[in-house]
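[1] The following comprises the amino acid sequence and a computationally predicted model.
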Amino acid sequence: MSCGRPHETDCAEVLADLYSYLDGEDGHLQPEAIAQHLAECAPCLTQYELDRVMKAMVRRCCTRERAPAELRMRIMQRITTVRVSRYS
């Protein structure tokens with residue numbers, strides 16, 4: 001996914017760090033670099049918005065039971081693996 005314009009931070013790198021960014025956690029990229037990229041790249045911004053909405057829906061629908069930490073970690077690793085291989 002890319003808008004075809006050159007960016008200081010590559011789209012694949014930004015997309016790989018989106019969940020960390022959404023969670024306010026440290027990723028490979030600085031949050032400012034991701035925010036700048038999202039301001040410049042409509043396709044990445046669209047993906048960010050989709051991920052943000054999906055995360056909000058999951059939070060709203062699944063707040064009563066919390067997944068075990070190990071399961072959450074495996075899911076996030078798999079999502080990252082799929083996303084990186086898909087956008088590389």
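    Received the coordinates, thanks.

[2] residue contacts, the residue nearest the centre of the chain?
    The structure's the chain has its C-alpha centroid closest to Leu18; by Cα atoms, centre = their mean the separation is 2.0 Å. Leu18 makes contacts with 34, 47-48, 51, 83, as judged by Cβ atoms under 8 Å, 6 or more residues apart in numbering. All C-beta spots, glycine's among them, are computed from the backbone N, C-alpha and C.

[3] do Met76 as well
    Contacts of Met76 (Cβ under 8 Å, 6+ apart): Tyr19.

[4] What's the per-residue pLDDT of the closest residue to Asp17 other than its chain neighbours here?
    Nearest residue to Asp17, sequence neighbours excluded (Cβ to Cβ, 6 or more residues apart in numbering): Gly27, at 3.6 Å. As predicted, Gly27 sits at a pLDDT of 87.

[5] surely Gly27 meets Tyr21?
    Yes: at 6.3 Å, Gly27 counts as touching Tyr21 under the criterion of Cβ atoms under 8 Å.

[6] any common contacting residues for the two?
    The contact sets of Gly27 and Tyr21 overlap at Ile34 (Cβ under 8 Å, 6+ apart).

[7] Just among the contacts of Leu18, which is most surrounded?
    Counting neighbours by other Cβ atoms under 10 Å, Ile34 comes out on top of those with 23 neighbours.

[8] can you tell me which residues contact that one?
    Counting by Cβ under 8 Å, 6+ apart, Ile34 has contacts 9, 14, 17-18, 21, 27.
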